[in-house]
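Q: below are the sequence and a predicted model for it; my questions follow.
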Amino acid sequence: METMPVVGWLNQTRAEYVMDNLKFELENRANGMQQLLQDEGYGAKTPVWDDEYKTWDIRVNFEGMTMLIMLDLEDPLFVSIVMPNFWRVETERLGAIMTALDHANKQAKGAKVYLSEGLDNSIAGMGFQYNGSGLDGRMLVRNLRMIANVAKLYVDAINDD
């Protein structure tokens with residue numbers, strides 16, 4: 001069986017070298033996003049590498065809510081933003097919850113609400129393509145607002161029931 005040649009002094013295969021460079025590039029992008037959010041006055045934490053999911057994760061305190069921005073090594077041009085577990089689902093109200101979810105998702109543009117795998121928590125989120133332009137910062141804040149909006153629509157619809 002033929003082995004991959006070693007690249008440079010790092011004693012890595014070409015594939016390992018490429019992945020490490022991409023991870024480093026995503027880290028720089030994550031640090032730039034964190035700095036932009038800090039400059040805008042949002043409490044963005046230092047990006048953390050999630051080895052299980054192969055993502056750089058930035059926790060953001062946005063208008064009283066905690067959101068997570070994820071840059072994925074498997075899809076480096078795509079950014080995901082989620083507001084995890086922002087509303088606990090009571091199983092006896094699942095019908096009303098589904099109606100509220102449908103209402104919020106119809107009203108909102110871009111961001112959507114969905115239920116966790118166990119149907120016990122509500123999650124809001126969206127994704128967008130990162131293009132590396134100066135507009136990405138404004139788009140990032142706009143997307144955070146879109147997620148906050150869909151979550152508010154959802155909670156308001158639940159409370160109106």
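A: Great, that's in hand.

Q: helices of the chain, start to end?
A: Under the criterion DSSP state H, the chain carries helices at the ranges 14-39, 94-107, 136-160.

Q: buried stuff in the second one?
A: Residues of helix 94-107 classed as buried: 97, 100, 101, 103, 104, 105 (neighbour count, 16 or more other CB atoms under 10 Å). All C-beta spots, glycine's among them, are computed from the backbone N, C-alpha and C.

Q: so the third one touches residue 119, yeah?
A: The one in question is residue 101. No. Look at residue 101 against residue 119 with CB atoms under 8 Å: they stay out of range, at 11.0 Å.

Q: which phi and psi does residue 52 have?
A: When read as degrees, to the nearest 10, the backbone of residue 52 gives phi -70, psi -50.

Q: report the separation between it and residue 62.
A: To residue 62, residue 52 is 24 Å away according to CB to CB, to the nearest Å.

Q: the two: who's more crowded?
A: For residue 52 versus residue 62, neighbours defined as other CB atoms under 10 Å are more numerous around residue 62 (20 against 5).

Q: so that one makes contact with residue 148?
A: Yes. If you go by CB under 8 Å, residue 62 and residue 148 touch, sitting 6.6 Å apart.

Q: with adjacent residues omitted, what lies nearest to residue 126?
A: Counting by CB to CB, 6 or more residues apart in numbering, residue 111 is the residue found nearest to residue 126 once chain neighbours are left out, at 4.2 Å.

Q: no, scratch that, I was asking about residue 66
A: Closest residue to residue 66 apart from its sequence neighbours, by CB to CB, 6+ apart: residue 59 at 6.4 Å.
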